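Colleague: From the sequence below, what's the structure:
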Amino acid sequence: MTLGFSVDELLPKARGGGRLAIGLSKLAEDEWLQPEPDLAAREAGFAAYPQGIQLSPEGDAPEAELAAMLGLSGGLPEAARAHHEDMCLLILRPGDEQYRLVGAAVAWPSDWTPADKLGLPLRALHAPIQGYEEQLATGVDHFMAKLKPGAIYGRCNWFIAATGERRWVAEPPELAFAQVSAENAGETLFVRSERQTLRRLPGTGAILFTIGIYVSPLGALSPTNVQRLASAMEGLLNGEGERRGAGAYAHALIGYAQRQVVERAR
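Modeller: Modelled structure (predicted):
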């Protein structure tokens, strides 16, 4: 089942509010990575954020295997520059129970710093995510342990941001969304979706985690997706609102969606 390669395509399949869930879909080989990446944008992204590349010696063999699998020379940075997706490598050390991050090539992070995460095990990597330990950690650990070479799985999520920039550093919500209203939400709110995939490398056994970033102004989305987001706001306000800052924009987004309904009815 394809996930698509745009916010409009991803939103119907993305989790939005409520209890955390892995929500994985099995993907075919030709559904794995974006087929026509904007390589100039990738080069510009890494040039603007060189600290997005973080490598450790433990990742040397998986890096080489990945590059060869993709028909490239080099390692993880070359693989990520040649594709739309940011890429991370995780390995399971002997005696460990959790995979840990040993390499990252990330031009467009969603409010995280690769240098702070290198070497950390999965649960520590996800510690800032509200509810991860209680609701998701055990399931993720089990999935990673059972993932077979050749299988590709994908999932997607979404965030509301106050910028259309692909590299996103969140500001305090009361500042970021201070100028947002029901009247201007179509231009001042942006929907950011991560299209994530997981795949085990057959030789080294490392797991490749890819993150494809897609961003759209709220007003450019289909009316169905605008209404979908408005419906999700209640879940965010009652659940993850503090982490996602929903209290600062939810009422404006709901008001914008209602205005759309009224305008279409005229």
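Colleague: If the residue positioned nearest the centre of the chain is in a bridge, with which residues?
Modeller: Nearest residue to the geometric centre of the chain (Cα atoms, centre = their mean): residue 194, 2.8 Å. Note on residue 194: beta-bridge partners by DSSP bridges are residue 157, residue 213.
Colleague: wait, isn't it in contact with residue 166?
Modeller: No. Assessed by Cβ atoms under 8 Å, residue 194 is found out of contact with residue 166, at 11.0 Å. C-beta: built from backbone N, CA, C; applies to glycine.
Colleague: can you list residues touching both of the two?
Modeller: Counting by Cβ atoms under 8 Å, 6 or more residues apart in numbering, the shared contacts of residue 194 and residue 166 are residue 213.
Colleague: before we move on, back to that, separation between the residue nearest to the centre of the chain and residue 3?
Modeller: To residue 3, residue 194 is 11 Å away according to Cβ to Cβ, to the nearest Å.
Colleague: what's the overlap in contacts for these two?
Modeller: Here residue 194 and residue 3 share the contacting residues residue 156, scored by Cβ under 8 Å, 6+ apart.
Colleague: that older thread, local confidence estimate at the residue nearest to the centre of the chain?
Modeller: On pLDDT, residue 194 comes in at 95.
Colleague: Okay, now the unreliable bits of the stretch 1-150 of the chain?
Modeller: When residues are selected by pLDDT under 70, those of the stretch 1-150 of the chain lie in 1, 15-22, 126-137, 139.
Colleague: Surely residue 4 is within a strand?
Modeller: No. The assignment for residue 4, made by DSSP: H, G, I helix; E, B strand; the rest coil, is coil rather than a strand.
Colleague: per-residue pLDDT, residue 244?
Modeller: We have a pLDDT of 73 for residue 244.
Colleague: The chain: helices as residue ranges?
Modeller: Taking DSSP state H, the helices of the chain run over residues 7-10, 39-48, 60-69, 76-81, 114-117, 122-125, 132-135, 137-146, 173-176, 185-188, 223-238, 241-244, 250-265.
Colleague: So for residue 91, which of those sits nearest?
Modeller: Among these, helix 60-69 comes nearest to residue 91, with 6.6 Å by Cβ to Cβ.
Colleague: Tell me which other helices or strands the closest one touches.
Modeller: helix 76-81, strand 86-91, strand 100-105 (3 or more Cβ pairs under 8 Å, 6 or more residues apart in numbering; DSSP states H and E).
Colleague: Can you say which of these is nearest to residue 161?
Modeller: Set against residue 161 and scored by Cβ to Cβ, the helices and strands packed on helix 60-69 come closest in strand 86-91, at 16.6 Å.
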